[in-house]
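A.B. asks: heads up, no residue letters with this:
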C-alpha cells in the first residue's frame, strides 16, 4: 500500500505491498490515443484485482486523487499532467465463456470480460465463438471498462444492450454487482457511483453463423473507415450528438472543417473529430473545442456537450 507521506511530493512517495508496475512522472501523451498530455505523478498497473484493492486502500490512506484509464481513448489530458495516481487496468484483461444456456430464440453464452480488456479483443473473441450481438463494436477503440462507463456504441447498438451484470469496486475495496437494470444506461452514459470503478462485466450473446457475423463486422468496419479519419491521432468523437441530430453535421454546416488552433484541427473527413497534426497541445484542443461550441451555438442555436473526458492541470 502507499505509505503515509505528503502527496505533494509529486510521486516521490514509497509504495509497498504492490505487485504491479509503477511509473513515476510518466508523460500521459505516451498512453492516450490523442498523443497529448503532461506527466502523471504516478502511473500504476495493478496485476490483478487483489492488487487493485491494495492500491485503492493505499490511495485512500494517502488522501491522493486518482483516475482510471484503459487504453487512453476518449480522453484529453491537460498539458500540466495529473497530480495524483493514474490507474491503468490493461493487465486485468481476462475474457472467457462462463456458461451457455438454451432459451427462446436459440442458444446463448454468458461471456465474462475484465475491465482492462480491449473492446476489439472482446469482439474478436465473440467472433471466434460464433456469438452475435457485439458487431456494433467494430472499430470502436478502448476497453471493456471504458465502454461500460460511457455505454459505448453506434446506431447499430450499445454495450448496455448486451450487458447482464457489472461488478464495481468501491473506494474501500468492496465489490458490488449490479444488473443491467441498475446500471442506468443511457446515451453515452451509465450510472456508476462516485469513486467506484468497473472491475468486470458479464454479457449475454446469442450463437449464430460465424460467417454471417464476420460479414456484418466487416461491413461496419469498412463504413467507419470511409467516414472517419485514419492515420492521425484523435480521441474519437469529441461531442455528443444532440437529440435527433448529428454533432458532425452541425459542425460541418457551420463550416468548421479544417479549422485549426496550433496543430489541433477539426478533421476534414469527419467534423466531430479533432485530430493531432503532430505536436498539438491540450490547450490547442480545448481552445478549438470552445470555438466549435460557440460557433455551433451561434449558427444553429444548439449547445454541444463534450463526449471526451478532460482531466489534469493546465
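C.D. replies: The structure has been received and is ready for your questions. Remember, predicted model here, so these are calculated numbers, not experimental data.

A.B. asks: show me this structure divided up by domain.
C.D. replies: 7-88, 95-214, 230-311 (automatic domain parsing).

A.B. asks: which one of these has the poorest average confidence?
C.D. replies: Mean pLDDT is lowest for domain 7-88 out of those, coming in at a mean of 88.

A.B. asks: residue 224 is nearest to which of the domains of the chain?
C.D. replies: domain 95-214 (3.9 Å; CB to CB). C-betas here are computed from N, CA, C, even on glycine.

A.B. asks: tell me which stretches of the stretch 151-300 of the chain form helices.
C.D. replies: Shown for the stretch 151-300 of the chain, the helices assigned by DSSP state H, counting those that start in this stretch span residues 210-227, 247-253, 282-300.

A.B. asks: buried stuff in the longest one?
C.D. replies: What it means is helix 282-300. 282-286, 288-289, 291-293, 295-296, 300 (16 or more other CB atoms under 10 Å).

A.B. asks: can you check the shortest one too?
C.D. replies: Applying a neighbour-count criterion of 16+ other CB under 10 Å, one finds 247-248, 250-251 buried in helix 247-253.

A.B. asks: what's the farthest-apart pair in these?
C.D. replies: 248 and 250 (7.3 Å).

A.B. asks: as a markdown table, the helices of the stretch 151-300 of the chain with distance to residue 99 would be great.
C.D. replies: Compiled in a markdown table, those are given as follows (distance: least, CB to CB, whole Å):
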| stretch | distance to residue 99 |
| --- | --- |
| helix 210-227 | 20 |
| helix 247-253 | 40 |
| helix 282-300 | 44 |
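
A.B. asks: for residue 85, find the nearest of those helices.
C.D. replies: helix 282-300 (19.7 Å).

A.B. asks: show me what that closest one is in contact with.
C.D. replies: 34, 36-38, 76-79, 238-239, 250-251, 253-254, 256, 259-266, 274, 276, 302-304, 306, 310, 312, 314 (CB atoms under 8 Å, 6 or more residues apart in numbering).

A.B. asks: which PyMOL command selects the buried ones in those residues?
C.D. replies: In PyMOL syntax, the buried subset of the contacts of helix 282-300 is picked out as below (16+ other CB under 10 Å):
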select buried, resi 34+36+37+38+76+77+78+79+238+239+250+251+254+256+259+261+264+265+266+274+276+304+312
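
A.B. asks: so residue 86, which state does it fall into?
C.D. replies: At residue 86 the chain is in strand, as set by DSSP: H, G, I helix; E, B strand; the rest coil.

A.B. asks: please list all residues in contact with it.
C.D. replies: By CB under 8 Å, 6+ apart, residue 86 lies in contact with 26, 28, 31, 40, 42-44, 66-69.

A.B. asks: among those, which lie within strands?
C.D. replies: 26, 40, 42-44, 66-69 (DSSP state E).

A.B. asks: quick one on the thing from earlier: now tabulate the domains of the chain in a markdown table and tack on distance to residue 223.
C.D. replies: Converted to a markdown table, the domains of the chain look like this (distance: least, CB to CB, whole Å):
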| stretch | distance to residue 223 |
| --- | --- |
| domain 7-88 | 19 |
| domain 95-214 | 8 |
| domain 230-311 | 12 |
